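> Return a 3D structure for these sequence lines:
(chains A and B)
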Amino acid sequence: KAGVTQTPRYLIKTRGQQVTLSCSPISGHRSVSWYQQTPGQGLQFLFEYFSETQRNKGNFPGRFSGRQFSNSRSEMNVSTLELGDSALYLCASSLGRGKYEQFFGPGTRLTVL
Amino acid sequence: AQSVSQHNHHVILSEAASLELGCNYSYGGTVNLFWYVQYPGQHLQLLLKYFSGDPLVKGIKGFEAEFIKSKFSFNLRKPSVQWSDTAEYFCAVNAGNYQLIWGAGTKLIIKP
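Just a heads-up that it's a prediction; the model follows:
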């Protein structure tokens, strides 16, 4: 069974640009969560999608948005990039919500210059 | 606001030493508890989880964790660590609204 895939793996952008990250969950998984990981901060929850609907949102500005498609693939968009957005963005998928184990992808390393 | 605290950000041990990593959370209701591990260059993966029942849960690679409700704790233990246990360990709590709240992580270095 293929794991969670994320594209691209690495991105370099400049301040003010926007970026779109993609996540393909494990087949059959309907829940996709996004996290921002930075050294010393752990994982900060961005949002969760289930059945194409955003179910939860973390404490991030409106520049961060996402969506989920009918095949459960998800995209995350960050507009007007800031230096502080440099981080590893992780996608995790699970069969359902709550108790289900989350399976993580390798992440997209975003560097904002 | 709900939060998860991992008390040690860095831990250095010698092989065969015993390990205990602390995790405390702030939520008074029913919780689901997880420990994840990230080995160097690898994805985050589940180490063990607690939903209900026996508060002592066993996971992969000889790890175990004990849920102590009165202390709001879910500490991770291993009686004898190996060099291959070098990794970053994350505690996560799911409380009420399906969202996982994560601790800041503990970097564990095992000296051979």
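> What sits closest to the residue nearest the centre of chain A if chain neighbours are left out?
When chain A is reduced to its mean C-alpha position, the closest residue under CA atoms, centre = their mean turns out to be A:W34, at 3.3 Å. Beyond its immediate neighbours in the sequence, the residue positioned closest to A:W34 (CB to CB, 6 or more residues apart in numbering or on different chains) is A:L46, lying 4.1 Å away. Every residue, glycine included, has its C-beta placed from N, CA and C.
> Was I right to think that neighbour contacts A:V32?
No - look at A:L46 against A:V32 with CB atoms under 8 Å: they stay out of range, at 10.7 Å.
> which one of those two has more residues nearby?
The residue with more neighbours, out of A:L46 and A:V32 and counting by other CB atoms under 10 Å in any protein chain shown, is A:V32; that gives 28 against 22.
> Just list whatever residues bridge to the more buried one.
A:Y49, A:S93 (DSSP bridges).
> can I assume it is in contact with A:P25?
Yes - with contact defined as CB under 8 Å, A:V32 and A:P25 form a contacting pair (5.3 Å).
> before we move on, back to that, now do the same contact list for the residue nearest to A:W34.
Applying CB atoms under 8 Å, 6 or more residues apart in numbering or on different chains to A:L46 gives the contacts A:33-36, A:57-58, A:60, A:64, A:66, A:76, A:89.
> joint contacts of A:V32 and A:P25?
Common neighbours of A:V32 and A:P25, using CB under 8 Å, 6+ apart, are A:72, A:74, A:91, A:93.
> separation between the closest residue to A:R97 other than its chain neighbours and B:Y89?
For A:R97, the nearest residue in space outside its immediate sequence neighbours is B:Y98; the separation is 4.4 Å by CB to CB, 6+ apart. Taking CB to CB, to the nearest Å as the measure, B:Y98 falls 23 Å from B:Y89.
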